[in-house]
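S.K.: For reference, the sequence and a predicted model appear below.
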Amino acid sequence: MTKIISVKEVANKIIHGEKMFIVDARNAEEFANWRIEGKNVEVVNIPYFEILDGVEPFLDRLPKDKNTTIYSVCAKGGLVGVCGGTARTSRISKRLLD
């Protein structure tokens, strides 16, 4: 299931120390310039154009627990369709940052 979550909701989760796993699909240069950070936040950078070829090469970088929510962020919101399909194939729930 894919759900859009607001930046405000993400900020509240970080402030309250909730665990978050984020796939940042922006290019490496943008990711190097700034990223979402927090005490219990883990972020991996997998550029959008690499994800388009399929997620199988990156599954080892994602949490093994199928109940883990994976939050995704990209520059233009184009990851919604990709993550929706990935959620169905990998049984990992996804949320997109709006």
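M.R.: Right, received. Where do you want to start? Numbering: from 1, shown residues only.

S.K.: So which bits of stretch 3-20 are buried?
M.R.: Of the residues in stretch 3-20, those with enough neighbours to count as buried (16 or more other Cβ atoms under 10 Å) are I5, V10, K13, I14, M20. Placement of C-beta: from N, CA and C, glycine included.

S.K.: Turn those into CSV, including secondary structure, distance to E42 and pLDDT.
M.R.: Supplementary listing: these in CSV, determined by DSSP: H, G, I helix; E, B strand; the rest coil; distance: Cβ to Cβ, whole Å; pLDDT from 0 to 100:
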residue, secondary structure, distance to E42, pLDDT
I5, strand, 17, 80
V10, helix, 14, 87
K13, helix, 13, 92
I14, helix, 12, 93
M20, strand, 7, 92
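
S.K.: Which one of those residues is nearest to K39?
M.R.: Each of those was checked against K39 using Cβ to Cβ; the closest is I14, at 7.8 Å.

S.K.: quick one: secondary structure of the closest residue to the closest one other than its chain neighbours?
M.R.: Once its chain neighbours are removed from consideration, I14 has its nearest residue in G38; the separation is 3.8 Å (Cβ to Cβ, 6 or more residues apart in numbering). The three-state label given to G38 by DSSP: H, G, I helix; E, B strand; the rest coil is coil.

S.K.: which residues does G38 contact?
M.R.: Each residue near G38 by Cβ atoms under 8 Å, 6 or more residues apart in numbering is listed here: I14, G17, M20.

S.K.: Now do the helices in this structure.
M.R.: Secondary structure of the chain, counting by DSSP state H: helices at 7-15, 28-33, 48-51, 79-90.

S.K.: Show me the shaky parts of the chain.
M.R.: Residues of the chain that meet the criterion pLDDT under 70 lie in 1-2, 76-98.
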